[in-house]
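1. structure, please.
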Amino acid sequence: MSSSEVPIKRSLGIAFITQYAELAIGFVGVMILARIITSEEIGIYSVAAFLMALLHVFRDFGVAKYVIQAPQLTRDNMRSALGVAILLAWAMALLLLALRQPVIDFYDEPRLHGIMTVMAASFAITPVGSLFNAIYRRNMQLRKVAAVRIGSALCGTVVSVVLALRGHGAMSLAWSNFAGIVMFGLIAVALRQGAIPLLPRFTHMREILQFGSIASLGTLANVGSSNSPDVIIAKSISLDAAGYFSRGNGLVQIFKTLVMGAVLPLVLPYFSALRRDSSDIVQPYRMAITYLTGFAWPFFGVMAVLALPAMRTLYGPNWDISAPLVQILCAAGAISMLTIFAGDVMIANGHVKQVTKMQLMTQPVRVVAVLAGSLLGLHAVAWGIVLTELVVLAGTSHLLQRTAGIGLGAVLGATARSALVTGCAVAGPLLLMVYEGSSGMPLVDAVLGGLLALVGWLLGVVWSHHPIRGQLVQARVWLGARLPSRS
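-> Okay, here's the model as predicted:
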């Protein structure tokens with residue numbers, strides 16, 4: 001192992017530890033809240049959260065990315081970035097306040113007033129913590145990033161559970177978000193070094209705004225289309241239905257939260273470095289897809305089989321309606337894994353405009369599919385999202401072929417052994433559910449099914465000679481060298 005690989009692997013390890021700790025804290029909170037807060041209250045919050053997610057794109061406007069990628073980050077750069085962040089955050093906070101009454105009238109739901117007010121306050125206090133965190137990421141000070149994220153998650157979870165137990169319903173989620181942002185900022189400021197300024201400046205901001213304008217359009221399209229189901233379902237079907245869909249989709253997104261949240265921030269720098277070195281990117285991209293689907297496809301396959309016991313274990317029997325939605329959405333999740341790296345690869349090759357154009361063309365398809373599906377019910381909405389992922393795969397593959405020379409055939413060819421591994425992982429849980437049925441103890445079904453899936457996955461990795469096998473052997477050797485000898 002070269003000396004340069006050590007810090008990279010150490011950084012990746014810290015990133016995974018941060019991600020898992022944050023996920024574990026959030027999971028505990030969600031499991032408790034699912035037994036306290038009703039599906040209608042979840043639906044109400046989802047509507048407001050959709051608006052907040054859209055406005056967040058404009059609030060950030062690429063400021064964090066600018067700070068991370070700037071060739072030279074001077075004190076004046078940082079002060080200007082903070083100035084831009086403050087102006088945008090306060091503008092979005094005022095806009096959110098202005099939208100309260102129209103949104104309340106549209107959904108005929110007065111409880112949105114308080115939620116949107118707290119969310120506006122959350123926007124107003126975001127800039128300092130967000131900018132400092134971007135600087136820590138730029139400097140690879142991942143221990144500081146971990147402290148900020150974990151502390152924020154812990155604070156938000158405690159606040160949400162305490163308020164929910166006191167009967168505050170959907171408002172407990174809004175206050176949880178506010179408390180998490182406050183703690184995020186406090187920890188970020190407490191860890192700052194003298195070189196990081198606290199005072200903003202409001203001059204020479206044009207460079208920052210120009211940087212964020214193009215990428216933000218694509219991000220806006222992605223955020224809007226990804227969050228559109230909750231808003232459309234809440235209006236077209238009911239707030240209850242939006243809550244059930246949101247909960248089911250949240251379970252499917254666990255993989256992206258668990259793994260991709262730590263991996264994705266490293267993808268763009270990695271392929272950018274390959275481009276600077278004039279190295280071939282086709283084989284590294286194929287290998288990345290092979291590794292990703294080797295983990296992701298078995299996860300989605302097993303989750304689809306164990307959807308009902310998993311839902312009951314995590315959230316209770318009141319959410320059974322979400323289980324069939326989980327099964328359909330797992331298919332969409334599996335397809336999305338074939339395109340999740342594509343945007344970063346094309347940006348690394350200097351095609352950010354083409355990526356944005358593709359996002360603006362394909363993401364509205366999701367909105368149309370969800371709108372059409374909402375006329376037929378929740379299951380149709382879920383199938384509409386599957387159709388959307390197929391459209392995105394076709395469009396992205398065409399653009400990836402043109403810009404990077406990576407065709408759909410090359411991508412699919414990289415998944416052959418992952419498909420075999422997935423079949424092995426799914427076989428055990430599927431037999432359990434088909435022949436044994438539900439035992440009436442969802443925790444037992446989920447744990448036993450998960451153990452069978454793990455054994456099947458390991459056997460599949462070995463049998464198919466999947467590249468993951470080599471990494472498992474290395475991990476075993478590494479552990480063996482560090483565990484105490486029995487002699």
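
2. so how far is residue 358 from residue 384?
-> Distance of residue 384 to residue 358, computed by C-beta to C-beta, to the nearest Å: 20 Å. Backbone N, C-alpha and C define where each C-beta goes, glycine included.

3. over to residue 77?
-> Distance from residue 77 to residue 358, counting by C-beta to C-beta: 31 Å.

4. so between those two, which is more surrounded?
-> A direct count of neighbours by other C-beta atoms under 10 Å for residue 77 and residue 358 places residue 358 higher, at 23 against 18.

5. return the distance of the helix or strand that that one is a member of from the chain's centre.
-> Element membership for residue 358, per DSSP states H and E: helix 352-374. The chain centre lies 18 Å from the centre of helix 352-374; the measure is C-alpha atoms, centre = their mean, to the nearest Å.

6. what of stretch 149-161?
-> On C-alpha atoms, centre = their mean, the centre of stretch 149-161 falls 18 Å from that of its chain.

7. which residues touch that stretch?
-> Stretch 149-161 is contacted from outside by 18, 21-22, 25-26, 28-29, 32-33, 172-173, 175-177, 179-184, 187, using C-beta atoms under 8 Å, 6 or more residues apart in numbering.

8. which of the residues in it are buried?
-> 149-161 (16 or more other C-beta atoms under 10 Å).

9. just these: which are in helices?
-> Judged by DSSP state H, helices contain the following of the buried residues of stretch 149-161: 149-161.

10. can you lay out those residues as a markdown table showing pLDDT?
-> As requested, those are exported to a markdown table (pLDDT from 0 to 100):
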| residue | pLDDT |
| --- | --- |
| 149 | 87 |
| 150 | 89 |
| 151 | 89 |
| 152 | 88 |
| 153 | 88 |
| 154 | 91 |
| 155 | 91 |
| 156 | 89 |
| 157 | 89 |
| 158 | 92 |
| 159 | 92 |
| 160 | 89 |
| 161 | 90 |
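
11. switch these over to a markdown table; also include distance to residue 14.
-> As requested, those are exported to a markdown table (distance: C-beta to C-beta, whole Å):
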| residue | distance to residue 14 |
| --- | --- |
| 149 | 11 |
| 150 | 11 |
| 151 | 15 |
| 152 | 16 |
| 153 | 16 |
| 154 | 17 |
| 155 | 21 |
| 156 | 21 |
| 157 | 21 |
| 158 | 24 |
| 159 | 26 |
| 160 | 26 |
| 161 | 27 |
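
12. from those, which two are the most distant?
-> 149 and 161 (18.7 Å; C-beta to C-beta).

13. dump stretch 320-338 to PDB, keeping only the CA atoms.
-> The C-alpha trace of stretch 320-338 is given here as PDB (Å, rounded to 0.1, in the frame of the first residue of the first chain):
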ATOM      1  CA  ASP A 320     -48.300  -2.000   6.600                       C
ATOM      2  CA  ILE A 321     -49.800   0.000   3.700                       C
ATOM      3  CA  SER A 322     -46.300   1.200   2.800                       C
ATOM      4  CA  ALA A 323     -44.800  -2.400   2.400                       C
ATOM      5  CA  PRO A 324     -46.100  -3.000  -1.200                       C
ATOM      6  CA  LEU A 325     -44.800   0.500  -2.200                       C
ATOM      7  CA  VAL A 326     -41.300  -0.400  -0.800                       C
ATOM      8  CA  GLN A 327     -41.300  -3.500  -3.100                       C
ATOM      9  CA  ILE A 328     -42.000  -1.400  -6.200                       C
ATOM     10  CA  LEU A 329     -39.600   1.400  -5.200                       C
ATOM     11  CA  CYS A 330     -36.800  -1.100  -4.700                       C
ATOM     12  CA  ALA A 331     -36.900  -1.700  -8.500                       C
ATOM     13  CA  ALA A 332     -36.600   2.000  -9.100                       C
ATOM     14  CA  GLY A 333     -33.700   2.100  -6.600                       C
ATOM     15  CA  ALA A 334     -31.900  -0.700  -8.400                       C
ATOM     16  CA  ILE A 335     -32.200   1.000 -11.800                       C
ATOM     17  CA  SER A 336     -30.900   4.300 -10.400                       C
ATOM     18  CA  MET A 337     -27.700   2.700  -9.300                       C
ATOM     19  CA  LEU A 338     -26.700   2.400 -13.000                       C
END
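
14. helix or strand right after the lowest-mean-pLDDT helix or strand in the chain?
-> Using mean pLDDT, DSSP states H and E, the weakest-scoring helix or strand in the chain turns out to be helix 261-276, at a mean of 56. Next along the chain after helix 261-276, taking DSSP H and E as the criterion, comes helix 282-305.

15. report the angle between the helix or strand just after that next one and helix 282-305.
-> Under the assignment DSSP H and E, the closest C-terminal helix or strand after helix 282-305 is helix 307-315. Relative orientation of helix 307-315 versus helix 282-305 (axes from the mean of the first three to the mean of the last three C-alpha atoms, to 10 degrees): 80 degrees.

16. against which helices or strands is helix 307-315 packed?
-> Contact partners of helix 307-315 among helices and strands, from 3 or more C-beta pairs under 8 Å, 6 or more residues apart in numbering; DSSP states H and E: helix 5-33, helix 239-252, helix 322-336, helix 442-463.
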